[in-house]
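[1] Need coordinates for the below:
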Amino acid sequence: MSEETPLPERRGLGERRPETEGGPDEGAGAYSRGFGDGVRSALREVMAWASRGHTPAELRIFAESRLAHLDEEVALKRRTLLSAPRAIPLENLLRLRGTDARSAFPPLLPGYTYLFLEERPQLARRFVVESLPRLGGALGLTRLAGELRRIAPAEQLQILDLGVESTSEPGTEPASSNVSGLTGRVQDFLGQEKVPRLIYLEAFDFLNTCNGFESSIKFLYWASGEVRRHRGVLLVSTDPETMPLSQVKTLERDFNHVVKAP
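    Okay, the predicted model is just below:
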């Protein structure tokens, strides 16, 4: 009588597994599935850009920026699949201390965008503080200039105090609440020599109220393109409870990393 094939739990470490568990086609299958997912993702992104009213010149800039950083995105995707998920629960980060807290943040990469969905911009400000040693400078757009100034000196963090006519905070300038008045300030800051440079917006809800969601989200689309072009970084912190769910979902789609509160 022939010997029975051992059950999986009874196989020795040196015994060969059936081809169906890891056959020669497994690598090719995984590659082709990943290739298909990548093509679908790229086409969806192009369609999303086009549906938002971007011009052909803007579409070309976005595409060239993505191509320029493709190797970085692939490496980041690999690290993400092998480690932490893209959306990191806020309570997990707040429980961490010291070096563990720093390692829990998404990696800081030139040309990348980060969205923190939180009631108050506490975690986003910690991310700014942790990132400043690796940056050529940061520009904060806020309605709480006094609070934001406490996290970093003026030589590291310039501040635009939105919607005010004057300010007494050092290294802080008054700025328009109209998004069209902010584009030049952002562009001038990103165009300076030291790179990467960080644009930090913690007043999206204020801009949304003053300008409407369509104008505010277009400002972020524009800012995303600028940070990719200048190899800067865009960080936005906002309270998702101030917007309808559909607007939050629209906002999330244009960011490389999203950190969500529970």
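[2] what residues are up against residue 132?
    138, 152, 156, 157, 198 (C-beta atoms under 8 Å, 6 or more residues apart in numbering). Using the backbone N, CA and C atoms, a C-beta is placed for each residue, glycine as well.
[3] what's the neighbour count on residue 153?
    11 (other C-beta atoms under 10 Å).
[4] Just list the residues touching it, thanks.
    residue 171.
[5] Columns pLDDT on top of the contacts of residue 132, output as TSV?
    Formatted as TSV, those follow (pLDDT from 0 to 100):
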residue	pLDDT
138	96
152	94
156	94
157	96
198	97
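[6] From the residues you listed, pick the one nearest residue 235.
    residue 198 (6.2 Å; C-beta to C-beta).
[7] on that earlier part again, just to be sure, which of the contacts of residue 132 are found in strands?
    138, 157, 198 (DSSP state E).
[8] How about the residue nearest to residue 158 when sequence neighbours are not counted: which residues does it bridge to?
    Leaving aside its sequence neighbours, residue 158 sits nearest to residue 139 (C-beta to C-beta, 6 or more residues apart in numbering; 5.0 Å). Beta-bridge pairing of residue 139, defined through DSSP bridges, involves residue 158, residue 199.
[9] Against residue 50, how distant is residue 139?
    30 Å (C-beta to C-beta, to the nearest Å).
[10] Then residue 150?
    Taken as C-beta to C-beta, the span from residue 150 to residue 50 is 43 Å.
[11] need the next SSE after the one helix or strand residue 228 maps to, C-terminal direction.
    Take DSSP states H and E as the rule and residue 228 turns out to sit in helix 213-230. Next helix or strand after helix 213-230 toward the C-terminus (DSSP H and E): strand 233-238.
[12] what's the angle between that following strand and helix 213-230?
    150 degrees (axes from the mean of the first three to the mean of the last three C-alpha atoms, to 10 degrees).
[13] Mind listing residues that contact strand 233-238?
    108-118, 121, 123-125, 127-128, 131, 135, 196-202, 204-205, 220, 223-224, 227, 251, 255.
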